[in-house]
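Undergrad: Give me a 3D structure for the following:
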Amino acid sequence: MTASVAIQVLPQAENTEELVRIVDEVIDYIKSTGLNYYVGPFETTIEGDDYDQLLDIVKECQKVAIKAGCPSVSAYVKITYKPEGGVLTIDQKVSKHHK
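TA: All right, here's what the predicted structure looks like:
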């Protein structure tokens with residue numbers, strides 16, 4: 001694997017229920033990409049071999065939140081990229097903590 005991206009989407013919302021609904025729509029979009037992902041309490045991590053595809057997904061997450069009805073959205077993004085491969089996978093990072 002060559003890249004891993006973690007994104008925390010922070011939509012502007014009138015209340016907690018609306019915020020959760022919008023974030024859920026973003027997560028549904030991430031699921032639809034077919035890439036391996038992990039939903040955590042603060043962010044969702046996505047991994048793959050196509051760096052550009054991952055960056056496009058990050059952009060689209062913002063657009064999905066806006067289409068879901070929020071007037072603005074912020075995001076925190078973390079990216080690990082090794083063109084030659086060898087990025088630690090989600091499983092390598094967290095599986096030992098979830099047994």
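
Undergrad: show me what contacts residue 25?
TA: 64-65, 68 (C-beta atoms under 8 Å, 6 or more residues apart in numbering). (C-beta placed from N, C-alpha, C; glycine too.)

Undergrad: what does the model give it for pLDDT?
TA: pLDDT recorded at residue 25 is 98.

Undergrad: Confirm it sits in a helix?
TA: Yes - counting by DSSP: H, G, I helix; E, B strand; the rest coil, residue 25 is located in a helix.

Undergrad: before we move on, which element is residue 80 in?
TA: Counting by DSSP states H and E, the element that carries residue 80 is strand 73-81.

Undergrad: Not counting that strand itself, show me its contacts.
TA: With contacts defined as C-beta under 8 Å, 6+ apart, strand 73-81 is touched by 2-12, 22, 43, 51, 54-55, 58, 61-62, 65-66, 87-88.

Undergrad: try 7 Å
TA: 2-12, 51, 58, 61-62, 65-66, 87 (C-beta atoms under 7 Å, 6 or more residues apart in numbering).

Undergrad: Please pick the buried ones from those.
TA: 2-9, 11, 58, 61-62, 65, 87 (16 or more other C-beta atoms under 10 Å).

Undergrad: picking up where we left off before, switch the contacts of residue 25 over to JSON lines; also include distance to residue 77, pLDDT and secondary structure.
TA: Output for the contacts of residue 25, formatted as JSON lines (distance: C-beta to C-beta, whole Å; pLDDT from 0 to 100; DSSP: H, G, I helix; E, B strand; the rest coil):
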{"residue": "64", "distance to residue 77": "15", "pLDDT": "98", "secondary structure": "helix"}
{"residue": "65", "distance to residue 77": "14", "pLDDT": "98", "secondary structure": "helix"}
{"residue": "68", "distance to residue 77": "19", "pLDDT": "97", "secondary structure": "coil"}
